[in-house]
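A.B. asks: The sequence and its predicted three-dimensional model are supplied below.
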Amino acid sequence: MKLKRLFLCLITLGMLQFSNAQEGLPIYSDYLTDNYYLIHPSMAGVANCNKVRLTGRQQWLGQSNAPSLQTLSVNGRFGETPSAYGAIAFNDKNGYHSQTGAYLTYAHHLMFSRNPIDLNMLSFGLSAGMIQYKLDETSFLADGFDPIISGIEQSATNFNIDFGFSYHFLDFYAHATVKNVLANDGINFNEQGLSYNNLRTYLFSAGNVFSRLGSEWSYEPSIMFMHRDATKESLIDLNMKAYKEMEFGKLWAGISYRTSLDGAEYLNGTGVSSQKLQYFTPLVGINYKNFVFAYTYSYQANSVVFNNGGFHQITLGINFGCRREKYECNCPAINL
């Protein structure tokens, strides 16, 4: 029935709205699990260890075709040089849409401090990658012919680049990145059926780590701002993490609050109401020697949602080729 197909299309568009798909690597809260490189290419090789990180994310457990994401990333220095490398591969499925992609990154780190103990570093990063988008319409014509549905699996492959910089000064850091610099056509449609040819996204992050002298505890408030050029959407993350030094490594936990700066209107039965996207994401993790494990759970706190189920994510990691800690700072992203 046409009504059934229309409902399926609306559900797909709704899932697209809330999960940030079809724009390259989706931007969730996984960067907080010791993985800033996922969103900022300038963070490749910034730490004193090479890093491998594997993440798996599943939304709305129990729902068929619910969004899921898997990423694999690696980054590190070229020996003792200021140059660094990085690579990311990901698979993102969101209802009838899916995308797979891979990026390669080159980063360069400039030291400004005369004393190598004091951290004062400016970093630049450039990522280039290929992304294949797919839209599976093969099941849309189960009830007969529809002239606006092709009934095939559409696909498009695009090349794009991300560019950004990071600045670390003692316990403070700031990052800025432009993602999807090139304006590519794809199979991305809004509610009027118009294709977006500009998926450019601007990201800005900043934070500071605080602790008392000799204390095993440290605290890291941070913020992340994101703006999408094509849809004029903006959102902000407010984050807080706490770390405790242990004999075997480090324990940490935190919470992130994401809110959209743009509202959406809906009918509530008696009139028109509006709401803004809101996520609460608690996270816990452990660094055991050179191994990393983290779990995050996101809860969408809105009146109108597709499903009340949460968003589960697990991160596994390993650090290798570690060099000695040479900076006297509370900087978890640098001194692992």
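C.D. replies: It's in.
A.B. asks: which intervals of the chain have sub-threshold pLDDT?
C.D. replies: 1-23, 62, 116, 138-152, 185-198, 264-269, 271-273, 302-309 (pLDDT under 70).
A.B. asks: Counting residues, which strand of it comes out longest?
C.D. replies: Taking DSSP state E as the criterion, the chain has its longest strand at strand 249-267.
A.B. asks: And the helix or strand following it, what does it pack against?
C.D. replies: Per DSSP states H and E, the first helix or strand lying C-terminal to strand 249-267 is strand 272-288. For strand 272-288, the packing partners by 3 or more C-beta pairs under 8 Å, 6 or more residues apart in numbering; DSSP states H and E come out as strand 249-267, strand 291-300, strand 311-320. Placement of C-beta: from N, CA and C, glycine included.
A.B. asks: partners of the longest strand of the chain, with directions?
C.D. replies: Applying DSSP bridges, strand 249-267 is found paired with strand 233-245 (antiparallel), strand 272-288 (antiparallel).
A.B. asks: Only alpha carbons, please: show it as CSV.
C.D. replies: This file holds the C-alpha atoms of strand 249-267, laid out as CSV (Å, rounded to 0.1, in the frame of the first residue of the first chain):
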residue,chain,number,x,y,z
GLY,A,249,46.5,2.1,35.1
LYS,A,250,43.5,4.4,35.3
LEU,A,251,39.8,4.3,36.0
TRP,A,252,37.5,6.9,34.6
ALA,A,253,33.9,7.8,34.3
GLY,A,254,31.9,10.8,33.0
ILE,A,255,28.7,12.1,31.6
SER,A,256,27.8,14.0,28.4
TYR,A,257,24.8,16.1,27.7
ARG,A,258,24.0,16.9,24.1
THR,A,259,21.3,19.4,23.0
SER,A,260,20.3,20.9,19.7
LEU,A,261,20.2,24.6,19.3
ASP,A,262,17.4,24.2,16.8
GLY,A,263,13.9,23.0,17.7
ALA,A,264,11.4,20.8,15.7
GLU,A,265,7.6,21.3,15.7
TYR,A,266,5.1,18.5,16.1
LEU,A,267,1.4,18.0,16.6
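A.B. asks: Which positions within it qualify as buried?
C.D. replies: For strand 249-267, burial by neighbour count (16 or more other C-beta atoms under 10 Å) applies to 250-252, 254-256, 258, 260.
A.B. asks: How about stretch 276-286?
C.D. replies: The neighbour-count check on stretch 276-286 (16+ other C-beta under 10 Å) flags 277, 279, 281, 283, 285-286 as buried.
A.B. asks: pretty sure residue 165 is touching residue 43, no?
C.D. replies: No. The criterion here is C-beta atoms under 8 Å, and residue 165 misses it with residue 43 at 10.1 Å.
A.B. asks: what's the following helix or strand after the host helix or strand of residue 100?
C.D. replies: Element membership for residue 100 (DSSP H and E) is strand 97-111. Beyond strand 97-111 on the C-terminal side, the first helix or strand identified by DSSP H and E is strand 120-136.
A.B. asks: Quickly run through the sheet partners of that next one, with directions.
C.D. replies: By DSSP bridges, strand 120-136 pairs with strand 97-111 (antiparallel), strand 153-169 (antiparallel).
A.B. asks: and which of the buried residues of stretch 276-286 is nearest to residue 330?
C.D. replies: Here the nearest of those to residue 330, counting by C-beta to C-beta, is residue 285; it sits at 16.8 Å.
A.B. asks: if you skip the residues just before and after it, what's nearest to the closest one?
C.D. replies: residue 294 (3.5 Å; C-beta to C-beta, 6 or more residues apart in numbering).
A.B. asks: ditto for residue 30
C.D. replies: Using C-beta to C-beta, 6+ apart, the closest residue to residue 30 is residue 55 (5.3 Å).
A.B. asks: How is the one you found assigned, secondary-structure-wise?
C.D. replies: strand (DSSP: H, G, I helix; E, B strand; the rest coil).
A.B. asks: Report the beta-bridge partners for it.
C.D. replies: Applying DSSP bridges, one finds that residue 55 bridges with residue 71, residue 315.
A.B. asks: dump the residue contacts of it.
C.D. replies: Listed by C-beta atoms under 8 Å, 6 or more residues apart in numbering, the contact partners of residue 55 are 30, 33, 35, 69-71, 313-316.
A.B. asks: roughly how far apart are it and residue 174?
C.D. replies: Note on residue 55: its distance to residue 174, by C-beta to C-beta, to the nearest Å, is 24 Å.
A.B. asks: same check, this time on residue 158
C.D. replies: Relative to residue 174, and taking C-beta to C-beta, residue 158 is found at 29 Å.
A.B. asks: again with residue 315
C.D. replies: In terms of C-beta to C-beta, residue 315 sits 23 Å off from residue 174.
A.B. asks: Looking at the two, which is more packed in?
C.D. replies: Neighbours were counted for residue 315 and for residue 174 using other C-beta atoms under 10 Å; residue 315 has more, 22 against 16.
A.B. asks: got the contact list for the more buried one?
C.D. replies: Taking C-beta under 8 Å, 6+ apart, one finds 30, 33-35, 53-55, 285, 292-296 in contact with residue 315.
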